[in-house]
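Colleague: Provided below for reference: sequence and predicted model.
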Amino acid sequence: MPVAYAPEELAVIAFAMLFAGFVKGATGLGYSTTCLPIMALALGLKASLPLALAPSLASNAAVMLGAGPIWPAMRRFWPMLALAPVGVLCGAALLGRVAGDTAGAALGCALIAWIAFAAAKPHWRLPPAMERPAAPAVGLLTGTINGLTGSQVLPITPFLMSLDMPRGTFLHTLNLSFTLSSFTMAAALAGLGLMTRDAALVSLCGVALSIAGVRAGGAMRKRLPEQAFRNLVLGVLGLAGAALVARGLG
């Protein structure tokens, strides 16, 4: 059954999905963080958002399977996790009201902010007494940014990095937020008319590419100069983010 994408568009989509999986497996960078900017430059953000959902969910599941027990993360952060989907619905409502290039520029800004944080590597700790009151707001804001731009990492990743927790709890909390938000985003995009049959089909086909990419990246992790490769990827994503901002302002 043919789909409504040109061959060159399908090539860009396939490359973005495979490359994002490879980067996630090799460096741990978020799947959507790498995949969406590449596709958005070629197709526009609104057309790209539904394509990234199924591969992103598959890559999250692959990471969660090896991260140990999930219940500590759920017990500790359930208010934040519960409010993330609410934020997604708020952000998606805003997405439906703005032009695609404007939403793309917002994604570019979020991407540049994330890269600046990743490059700075701040070593700071949130006072323990602030965790519980801050967590719901972090979940709501992260979901709102996700619903508008597709970016899932801010401000939840810096927030979690500022807390004292085992690595498994960190990974589970992050990926639970990604997963809950992605399911909510799928429903919201369907409501906006962006989750078409063709988009859903291509997204599902991309699961195999994302898993293959994660496995290849994981296999290459010990052979690559990880920090140098990560910096290269961040540099490329920074250029993509700047291009999205320029397009939105142009």
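Modeller: Perfect, I can see it now.
Colleague: For Leu180, give me its contacts.
Modeller: Neighbouring residues of Leu180 by CB atoms under 8 Å, 6 or more residues apart in numbering: 81, 84-85. Placement of C-beta: from N, CA and C, glycine included.
Colleague: residues of the helix or strand where it lies that come out buried?
Modeller: Leu180 belongs to helix 167-191 when assigned by DSSP states H and E. For helix 167-191, the neighbour count (16 or more other CB atoms under 10 Å) marks 168-182, 184-186, 188-189 as buried.
Colleague: Stretch 147-154 too?
Modeller: So stretch 147-154, judged by 16+ other CB under 10 Å, has buried residues 147-154.
Colleague: With secondary structure, distance to Gly248 and pLDDT added, can I get those in CSV?
Modeller: Formatted as CSV, those follow (DSSP: H, G, I helix; E, B strand; the rest coil; distance: CB to CB, whole Å; pLDDT from 0 to 100):
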residue, secondary structure, distance to Gly248, pLDDT
Gly147, helix, 17, 96
Leu148, helix, 12, 96
Thr149, helix, 11, 96
Gly150, coil, 14, 94
Ser151, coil, 14, 93
Gln152, coil, 20, 90
Val153, coil, 20, 90
Leu154, coil, 18, 91
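Colleague: Tell me the one among those nearest to Ala228.
Modeller: Nearest to Ala228 out of those is Val153 (CB to CB; 21.4 Å).
Colleague: tell me which element the residue positioned nearest the centre of the chain falls in.
Modeller: Residue closest to the average C-alpha location in the chain (CA atoms, centre = their mean): Ser32, at 3.3 Å. Using DSSP H and E, Ser32 sits in helix 31-43.
Colleague: For that helix, what is the distance to the chain centroid?
Modeller: Counting by CA atoms, centre = their mean, to the nearest Å, helix 31-43 is centred 10 Å from the centre of its parent chain.
Colleague: Report the inter-axis angle for it versus helix 167-191.
Modeller: Going by axes from the mean of the first three to the mean of the last three CA atoms, to 10 degrees, helix 31-43 is angled at 30 degrees with respect to helix 167-191.
Colleague: Report the rounded mean pLDDT for helix 31-43.
Modeller: Across helix 31-43, pLDDT averages out at 93.
Colleague: What residues of whichever helix or strand comes after it count as buried?
Modeller: Remark: after helix 31-43, the chain's next helix or strand is helix 45-64, criterion DSSP H and E. Within helix 45-64, the residues scored as buried using 16+ other CB under 10 Å are 45-60, 62-64.
Colleague: related to what we said a few turns ago, which one (most neighbours) among the contacts of Leu180?
Modeller: Greatest neighbour count in those, by other CB atoms under 10 Å, goes to Ala84: 29 neighbours.
Colleague: give me every residue that touches it.
Modeller: 139-140, 142-143, 146, 156, 177, 180-181, 184.
Colleague: just Val202 next, same as before
Modeller: Here Val202 is in contact with 3, 5, 10, 13, 51 (CB under 8 Å, 6+ apart).
Colleague: Repeat that for Ala54.
Modeller: Here Ala54 is in contact with 200, 203-204, 206-207 (CB under 8 Å, 6+ apart).
Colleague: Output these in TSV; the columns should cover neighbour count.
Modeller: Output for the contacts of Ala54, formatted as TSV (neighbours: other CB atoms under 10 Å):
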residue	neighbour count
Ala200	17
Ser203	23
Leu204	13
Gly206	26
Val207	18
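Colleague: picking up where we left off before, give me the PyMOL select line for the contacts of Val202, limited to the buried ones.
Modeller: Selecting only the buried entries of these in PyMOL, with 16+ other CB under 10 Å as the criterion:
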select buried, resi 5+13+51
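Colleague: Fine by me, thanks again.
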